[in-house]
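*Asks:* fold the following, please.
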Amino acid sequence: MNKIKTLENLQKLHLLIETECTGSPRALAGRMELSERSVYNLLEILKDFNAPIEYNRRRKTYYYRNYFKLDFRISLSVTNNDEVTEFYKGSYLN
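*Replies:* Just a heads-up that it's a prediction; the model follows:
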């Protein structure tokens, strides 16, 4: 489930960047209840997706230099002995 948590954190970070209200890296880490290193790792993941992330020192916020959209659709079910357990039934993170 660690990967699911990473995706949830990535989505939360994306929304904060999109609204340009992240705060400084330290403040962002506190807001997300993560270490600064974890925040930087999430930023790197977004950059791996070619997200045009910039940081404005005067306003103390990350932002997208150009339009960038990130959509998540998560669905997870496990079938065992003809029994299906739904963990995430097509939850949509936008």
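
*Asks:* contacts and neighbour counts: CA atoms only from here.
*Replies:* OK.

*Asks:* buried set for stretch 35-47?
*Replies:* By neighbour count on 16 or more other CA atoms under 10 Å, the buried set for stretch 35-47 is 36, 39, 42-43, 46.

*Asks:* hey, where'd the strands end up in this structure?
*Replies:* 53-56, 61-64, 72-80, 83-93 (DSSP state E).

*Asks:* show residues contacting the second one.
*Replies:* This points to strand 61-64. Applying CA atoms under 8 Å, 6 or more residues apart in numbering, the contact partners of strand 61-64 are 17-24, 51-56.

*Asks:* what mean pLDDT does the lengthiest helix in the chain get?
*Replies:* In the chain, taking DSSP state H as the definition, the longest helix is helix 2-18. In this model, helix 2-18 has a mean pLDDT of 91.

*Asks:* relative to strand 72-80, how tilted is that helix?
*Replies:* If you take axes from the mean of the first three to the mean of the last three CA atoms, to 10 degrees, helix 2-18 sits at 170 degrees to strand 72-80.

*Asks:* buried ones among the contacts of strand 61-64?
*Replies:* 17-18, 20, 22-24, 51, 53, 55.

*Asks:* just to revisit the earlier point, for the longest helix of the chain, output the C-alpha coordinates as CSV.
*Replies:* Presented in CSV, the C-alpha positions along helix 2-18 are these (Å, rounded to 0.1, in the frame of the first residue of the first chain):
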residue,chain,number,x,y,z
ASN,A,2,3.1,2.2,0.1
LYS,A,3,2.7,2.9,-3.6
ILE,A,4,-0.9,4.0,-3.1
LYS,A,5,0.2,6.5,-0.4
THR,A,6,2.9,7.8,-2.7
LEU,A,7,0.2,8.4,-5.4
GLU,A,8,-2.0,10.1,-2.8
ASN,A,9,0.9,12.4,-1.8
LEU,A,10,1.7,13.1,-5.4
GLN,A,11,-1.8,14.1,-6.0
LYS,A,12,-1.9,16.4,-3.0
LEU,A,13,1.4,18.0,-4.0
HIS,A,14,0.1,18.5,-7.6
LEU,A,15,-3.0,20.3,-6.3
LEU,A,16,-0.9,22.6,-4.0
ILE,A,17,1.4,23.5,-6.9
GLU,A,18,-1.6,24.0,-9.3
